[in-house]
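Q: got a predicted structure here, sequence first:
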Amino acid sequence: MPIGLVVSEANRTDMKKLEALLDARMVLVPDLPADAPEDARPHLTLDRGYDYDDCRDTARAHGYVPHIPRRASTAHPLPPPTDPQRHPPRRWVVEVAHAWFNRFRALLIRWAKKAENYLALLHLAAVLIIERKLRYARSFPG
């Protein structure tokens, strides 16, 4: 489910908007003691585009355990998929969230000229997406 939204200018690198996105989250991370184990903390899975120390520090500062695979370079190529040193595969849900938002015609093609109006439409769509997911989840027993 979407937990936060940020409207940014076109062709902006994702890593530069990570802090704004984590500040804009609608679901707050519970305050845990500093010595809490990693299993108790929420995890944040990002792709290789966020492979910067600043992104890891930002995620930790917001209470998350970051999972960011390293970028490949000539000095450090990616290990083969079966290698234990390779970052474990995780399900990337960003593309799924984009598909959910693209179901709304006013969001698929941006008609709103003001960023505030577009952000309001995004928030409305997020509420509808969350309501649909919760309604679907409640239909299952147990």
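A: Structure's in. What do you need?

Q: can we go C-alpha only for contacts and neighbour counts from here?
A: Will do.

Q: now the longest helix belonging to the chain: buried residues?
A: In terms of residue count, the longest helix belonging to the chain (DSSP state H) is helix 115-138. Of the residues in helix 115-138, 118-119, 121-123, 125-126, 129 count as buried by neighbour count, 16 or more other C-alpha atoms under 10 Å.

Q: hmm, which two among those residues are most spread apart?
A: With distances taken as C-alpha to C-alpha, the most widely separated pair in those is 118 and 129, at 16.3 Å.

Q: show me how the record splits the protein into domains.
A: 1-92, 93-142 (automatic domain parsing).

Q: adding mean pLDDT, write those out as a markdown table.
A: Formatted as a markdown table, the domains of the chain follow (pLDDT from 0 to 100):
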| stretch | mean pLDDT |
| --- | --- |
| domain 1-92 | 81 |
| domain 93-142 | 86 |
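
Q: where do the strands sit along this protein?
A: Counting by DSSP state E, the chain forms strands over residues 43-45, 65-67, given from the N-terminal end onward.

Q: pick the most deeply packed of those.
A: Using mean count of other C-alpha atoms under 10 Å, the stretch among the strands of the chain with the greatest mean number of neighbours is strand 65-67 (a mean of 18).

Q: what helices or strands is it leaning on?
A: Using 3 or more C-alpha pairs under 8 Å, 6 or more residues apart in numbering; DSSP states H and E as the contact definition, the elements that strand 65-67 packs against are strand 43-45, helix 53-61.

Q: the last one - contacts with which helices or strands?
A: Okay, so that is helix 53-61. The contact analysis (3+ C-alpha pairs under 8 Å, 6+ apart) places helix 53-61 against helix 18-23, strand 65-67.

Q: what's it in contact with?
A: Counting contacts by C-alpha atoms under 8 Å, 6 or more residues apart in numbering, the residues outside helix 53-61 that touch it are 15, 18-19, 22, 44, 65-66, 68.
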